[in-house]
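Enquirer: I need the structure of the sequence given here:
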Amino acid sequence: MSAIPPPSLYLGLISGTSADGIDAALVEFDGERPKLLFARTYAWDPALRERLVALGQEHTPLLLDEVGELDVRIGQAFATVALRALADSKIPAAAVAAIGSHGQTLRHRPHGRAGDGRLPFTMQLGDPSLIAERTGVTVVADFRRRDLAAGGHGAPLLPALHAALLAAPGEARAVLNLGGIANLTLLPPGGEVRGFDCGPANGLMDAWCRRQTGAAFDAGGALAAAGRVDTALLERLLEDPWFALAPPKSTGRDHFHLGWLQERLRGDEAAQDVQATLLALSVRTTVAALRAAQPKTARVIACGGGVLNPPLMASLAAALGDCALDSSAAHGLDPDAVEAMGFAWLARQTLLQRPGNLPSVTGAAGPRILGGIYRA
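Expert: Have a look, this model is predicted:
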């Protein structure tokens, strides 16, 4: 077991499935307990975000030169955010042990492409060497591929942190991350931690809202609240075989994207009804997955951007029945900062030569030290 270093600071950076901004979290570790010192979401350059959202679609072509250029542009954006976060928090770069940078996922195919002989891969861009050069801080990045190489999905990677922060000895809990994709961490008292993606959360709703209104997301869930669930459409959406897969399982925008939705529309649906149906899809698939995997869950603790969508949270609470639904804020964790905190924690795990994955979650052959280290 590695010795615990003195209290130290780590900066976590992530842009999630929806590419709605770059989240930064400055985390202090005193022993094993992380303490959030600063968190903020910084906007993407609009043109770059537009391109990233488009590239999340299944059939969007991408030239090799553009991959290289995007790697640099995303790296520049992450470096700028790191410097802004340090300036805004008034923390000098020299005080930060490392930056944990997730980057931006362009493709996540843990099963490979159809017909490719099962060659799984995951691709996150954002040149870590450039981030280290511009900030003068060591960077840990490329967290997912080592788990994939060990036969896992490379996702979800935060259940170990969820367990450390939110497990309770006398209560069966689940942590629900409502990002672009919804994922669950199962925390049975005294039992093995498990976790998996359970379907789209905000990603499809954001994309549909953007197409229909021009807004990046459905603020306050207003568009969904104005509509009615189209039960026939909902059933067509639920027929996707992915929902029936057993864990370990993970997914992304390259599966649940606008083209996927468009193939299942009749074409005469009202925009608000489609939005209401997509919200119902998120609720239905999440609750069904939870009941199948941990039927005696007493409390669900939600984090991620979906916590700020009142109709989504109300619908989840109703569907969960006697199972309590909390925001992570009620447990002292900013819902918007949990993922970025996770990548600060993962960076520390790597520097301490400790595993960052949980094989019971990802399906990997065993615990693995994740990511590469890019020295300042």
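Enquirer: pLDDT weak spots in the stretch 1-150 of the chain?
Expert: 1-7, 57-60, 114-117 (pLDDT under 70).
Enquirer: residue boundaries of the strands in the stretch 201-350 of the chain?
Expert: For the stretch 201-350 of the chain, the strands defined by DSSP state E, counting those that start in this stretch cover 299-303, 324-327.
Enquirer: tell me which strands and helices the shortest one is in contact with?
Expert: Read it as strand 324-327. On a contact count with 3 or more CB pairs under 8 Å, 6 or more residues apart in numbering; DSSP states H and E, strand 324-327 meets strand 299-303, helix 310-320. Any C-beta I mention is one placed from the backbone N, CA and C, and that applies to glycine too.
Enquirer: sorry, back to before: which one of the strands of the stretch 201-350 of the chain lies nearest to Leu157?
Expert: Proximity to Leu157, assessed across these by CB to CB, is greatest for strand 299-303 (14.3 Å).
Enquirer: what does that closest one rub up against?
Expert: 166, 168, 171-178, 290, 313, 316, 320, 323-328, 330-331, 333, 335-336, 338-339 (CB atoms under 8 Å, 6 or more residues apart in numbering).
Enquirer: out of those residues, which end up buried?
Expert: Among the contacts of strand 299-303, those buried by neighbour count (16 or more other CB atoms under 10 Å) are 166, 172-178, 290, 313, 316, 320, 323, 325-326, 328, 333, 335-336, 338-339.
Enquirer: so of those residues, which ones are in helices?
Expert: Among those, the residues falling in helices (DSSP state H) are 166, 290, 313, 316, 320, 338-339.
Enquirer: what secondary structure does Leu70 sit in?
Expert: Following DSSP: H, G, I helix; E, B strand; the rest coil, we place Leu70 in the helix state.
Enquirer: one step back: need the strands of the stretch 201-350 of the chain in a markdown table (columns: distance to Ala155 and mean pLDDT).
Expert: Below are those laid out as a markdown table (distance: least, CB to CB, whole Å; pLDDT from 0 to 100):
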| stretch | distance to Ala155 | mean pLDDT |
| --- | --- | --- |
| strand 299-303 | 16 | 98 |
| strand 324-327 | 23 | 98 |
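Enquirer: looking at those strands, which is nearest to Pro355?
Expert: The minimum distance between Pro355 and the strands of the stretch 201-350 of the chain falls on strand 299-303, with 22.8 Å, by CB to CB.
Enquirer: in its sheet, what does the closest one sit against?
Expert: Strand pairing for strand 299-303, determined by DSSP bridges: strand 173-178 (parallel), strand 324-327 (parallel).
Enquirer: which SSE is immediately downstream of the first one?
Expert: In this case it means strand 173-178. strand 181-187 (DSSP states H and E).
Enquirer: tell me what that following strand is packed against?
Expert: helix 159-166, strand 173-178, strand 194-200, helix 271-293.
Enquirer: of all those, which one is nearest Arg210?
Expert: helix 271-293 (11.2 Å).
Enquirer: keeping just the C-alphas, turn the closest one into CSV.
Expert: Extracted in CSV, the C-alpha atoms of helix 271-293 (Å, rounded to 0.1, in the frame of the first residue of the first chain):
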residue,chain,number,x,y,z
ALA,A,271,-41.8,19.0,-30.8
GLN,A,272,-43.0,19.3,-27.2
ASP,A,273,-44.5,15.8,-27.2
VAL,A,274,-41.2,14.3,-28.5
GLN,A,275,-39.4,16.1,-25.7
ALA,A,276,-41.8,14.8,-23.1
THR,A,277,-41.4,11.3,-24.5
LEU,A,278,-37.6,11.5,-24.3
LEU,A,279,-37.9,12.6,-20.7
ALA,A,280,-40.1,9.6,-20.0
LEU,A,281,-37.6,7.3,-21.8
SER,A,282,-34.9,8.5,-19.4
VAL,A,283,-37.1,7.9,-16.4
ARG,A,284,-38.4,4.5,-17.6
THR,A,285,-35.1,3.0,-18.4
THR,A,286,-33.4,4.3,-15.3
VAL,A,287,-36.0,3.0,-12.9
ALA,A,288,-36.3,-0.3,-14.7
ALA,A,289,-32.5,-0.8,-14.6
LEU,A,290,-32.5,0.0,-10.9
ARG,A,291,-35.3,-2.3,-10.0
ALA,A,292,-33.7,-5.2,-11.9
ALA,A,293,-30.3,-4.7,-10.4
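Enquirer: thinking again about what came up before, save the helices and strands packed on strand 324-327 as CSV, and put in distance to Gly31 too.
Expert: Shown next, in CSV, are the helices and strands packed on strand 324-327 (distance: least, CB to CB, whole Å):
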stretch, distance to Gly31
strand 299-303, 23
helix 310-320, 33
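Enquirer: please give me every residue in contact with Ala317.
Expert: Ala317 neighbours (CB under 8 Å, 6+ apart): Leu325.
Enquirer: so how far is Val307 from it?
Expert: Here Ala317 is placed at a distance of 12 Å from Val307 (CB to CB, to the nearest Å).
Enquirer: check Ile74 too.
Expert: Separation of Ile74 from Val307 (CB to CB): 26 Å.
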